[in-house]
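A.B. asks: Let's see this in three dimensions:
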Amino acid sequence: MLCPRCELLETRVLETRTADGGRVVRRRRECPGCGYRFTTYERPEERQLLWVVKKDGRRESFDRTKLLKGLVRACEKLPVPLDRLEDAAARIEGKLRESEQGEVSSLQVGDLAMEELRKLHKVAYVRFASVYREFTDLSNFATEIARLIEEREERHGHE
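C.D. replies: Next comes the predicted model:
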């Protein structure tokens with residue numbers, strides 16, 4: 001594997017583990033030339049191209065990196081490990097591809113992202129929801145937070 005920093009052709013694998021329920025192999029690598037450490041992911045090649053239909057009707061190919069950036073942005077300065085976000089992005093993509101439609105709406109992508117963030121960190125969920133649902137005032141935030149509190153109380157009340 002080519003080092004992304006110094007472009008030395010041979011890098012050393014430090015650690016290998018599976019992610020996304022065994023569908024992805026994650027490798028930590030180190031360059032013996034410059035000492036740079038980086039992560040690579042190995043996954044089966046997707047045969048079917050997946051299109052995302054935007055709110056305005058435009059179509060663009062699904063981009064897992066773009067999805068991951070949105071998840072990372074929602075979790076900025078929060079204690080959510082990157083590998084958990086990468087796993088979430090892989091689960092979202094898997095669900096979208098399972099539908100075998102070839103075309104999904106950006107709303108489906110956003111709903112799945114909110115579902116994953118809700119499990120990972122409530123603040124990240126509210127941050128993402130505020131952009132995704134285009135909250136325009138404090139009452140939108142208050143309503144969403146009240147809903148989260150109510151869900152938590154219901155869950156803890158049944159334990």
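A.B. asks: Residue 80 against residue 120, yeah?
C.D. replies: Yes - if you go by CB atoms under 8 Å, residue 80 and residue 120 touch, sitting 5.5 Å apart. C-beta coordinates here come from the backbone N, C-alpha and C atoms, glycine included.
A.B. asks: ok so residue 13 is a strand residue?
C.D. replies: Yes - using DSSP: H, G, I helix; E, B strand; the rest coil, the assignment for residue 13 is a strand.
A.B. asks: Residue 11 - how many residues pack around it?
C.D. replies: 21 (other CB atoms under 10 Å).
A.B. asks: hang on, I meant residue 42
C.D. replies: 11.
A.B. asks: Touching, it and residue 22? I think so.
C.D. replies: No - using CB under 8 Å, residue 42 is not in contact with residue 22, being 11.8 Å away.
A.B. asks: in stretch 121-134, what counts as buried?
C.D. replies: Going by neighbour count (16 or more other CB atoms under 10 Å), the buried part of stretch 121-134 is 121, 122, 123, 124, 125, 126, 127, 128, 129, 132.
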